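Visitor: coords please:
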Amino acid sequence: MNDLLIPVIAVIVAAMVFDYTNGFHDAANAIATSVSTRALTPRIALGIAALGNFVGAHWGGQVAKTVGSGIVTLPEGAASLGVVLAGVLGAITWNLLTWWFGIPSSSSHALIGGLVGATLCASLFGLSGTVLWGGIVEKVVLPMVFSPLTGFILGALLMLLLLWGVYGLAKAWSGTRAAGLTSPSPLNRFFRFMQSLSAIAMSFGHGMQDAAKTMGIVVLALYVGGFQSSPDHIPGWVYYTSATVLAAGTYAGGWRIIRTLGRRVIHLDPMAGFAAETVASTVLFTAAAHGWPISTTHTITSSIMGVGATKKFSAVRWGVAGNIVMAWILTFPGAALAAVIAYVLVRPLF
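Guide: Numbering: from 1, shown residues only. Predicted structure coming up:
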């Protein structure tokens, strides 16, 4: 029997716990706007999000490879598994803390921050693990900065385009004033239907990004434990297990965060919700194709802000938005600190 079997199992179990918390923590990313505009009922929206996460997970191989081999290099043997376990525990701790306060922080950056914190702590104990800062800047920091900016700008542009198009159609058909477009009409029913489609795309993109990060951790554990020869190969059972656990967590729902994204940042109508989800899912697809582990939370939240700012700048509750951005900033160091504490506790076991 491989002497590292039990440590590898411990890491895989912790990764699945993280995957589950990721699901209920980030369920809001896929469904908050659809629920708030009443395009979908909460349970139907959660079911769609769970299914989309499950299917999308099977398309996230590039992101999984980045997490598994592009963030840190680990010490050899069982000590490396202690580092990975501590990193995952740090991410779980941060997820639960931000979920409790209803703050939509990034599970992705919590996981990466946890791995970095645990690796740095291990180096203080004389182990050989190193942080690949170049890879983090290229694959994490730059996408972390540009994906929210892209979401905000594209959200605003798409919303302006939709408003211009709807105004032109209404004027051509009946001479309706633009102000009259806000009343209940077939237009709202049309965009509720379209928002159902954009919610499916959003949940698919979430699966591509977030299940992939768990898969990367599992593959990393299998590789350093000697159960596979390549850090890039993702076994089929890893895909299905990660996807299923994420889907289960998503269906459990993260109602505290759903309320924050769906109601507290800005009140959305179906057209605005469709615009935000369409932009966010497009950014997620693009990032996943390039293997960039970006935050679904950052992307959808910034898209919502961009869409809202086109209506009336003061319509966005910038105080709430500021709290969210502060949580974004604190996620990486907060999860890293939690991982340092976790490593000190688990180190004697490895």
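Visitor: got the residue ranges for the strands in the stretch 1-150 of the chain?
Guide: With DSSP state E, counting those that start in this stretch as the criterion, the stretch 1-150 of the chain has strands at 72-73, 130-131.
Visitor: helices or strands up against the first one?
Guide: Under the contact definition 3 or more Cβ pairs under 8 Å, 6 or more residues apart in numbering; DSSP states H and E, strand 72-73 sits against helix 107-124, strand 130-131. C-beta: built from backbone N, CA, C; applies to glycine.
Visitor: so which of the ones you listed is the most packed in?
Guide: helix 107-124 (a mean of 26; mean count of other Cβ atoms under 10 Å).
Visitor: on that earlier part again, got a markdown table for the strands of the stretch 1-150 of the chain, with mean pLDDT and distance to Ser303 too?
Guide: Shown next, in a markdown table, are the strands of the stretch 1-150 of the chain (pLDDT from 0 to 100; distance: least, Cβ to Cβ, whole Å):
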| stretch | mean pLDDT | distance to Ser303 |
| --- | --- | --- |
| strand 72-73 | 80 | 30 |
| strand 130-131 | 84 | 31 |
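Visitor: Adding distance to Ile12, write those out as CSV.
Guide: Putting the strands of the stretch 1-150 of the chain into CSV (distance: least, Cβ to Cβ, whole Å) gives the following:
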stretch, distance to Ile12
strand 72-73, 18
strand 130-131, 23
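Visitor: Leu220 is nearest to which of those strands?
Guide: If you check each of the strands of the stretch 1-150 of the chain against Leu220 by Cβ to Cβ, strand 72-73 wins as the nearest, at 9.1 Å.
Visitor: Partner strands of the closest one, with direction?
Guide: Under the criterion DSSP bridges, strand 72-73 sits next to strand 130-131 (antiparallel) in its sheet.
Visitor: what does the strand it pairs with contact?
Guide: For strand 130-131, the external contacting residues (Cβ atoms under 8 Å, 6 or more residues apart in numbering) are Ile71, Val72, Thr73, Val116, Thr119, Leu120, Ser123.
Visitor: what phi and what psi does the backbone show at the residue nearest the centre of the chain?
Guide: Nearest to the geometric centre of the chain sits Thr296, at 3.5 Å (Cα atoms, centre = their mean). Main-chain torsions, Thr296, degrees, to the nearest 10: phi -60, psi -30.
Visitor: Settle this for me: it is touching Gln209, isn't it.
Guide: Yes. In terms of Cβ atoms under 8 Å, Thr296 counts as a neighbour of Gln209; the distance is 5.5 Å.
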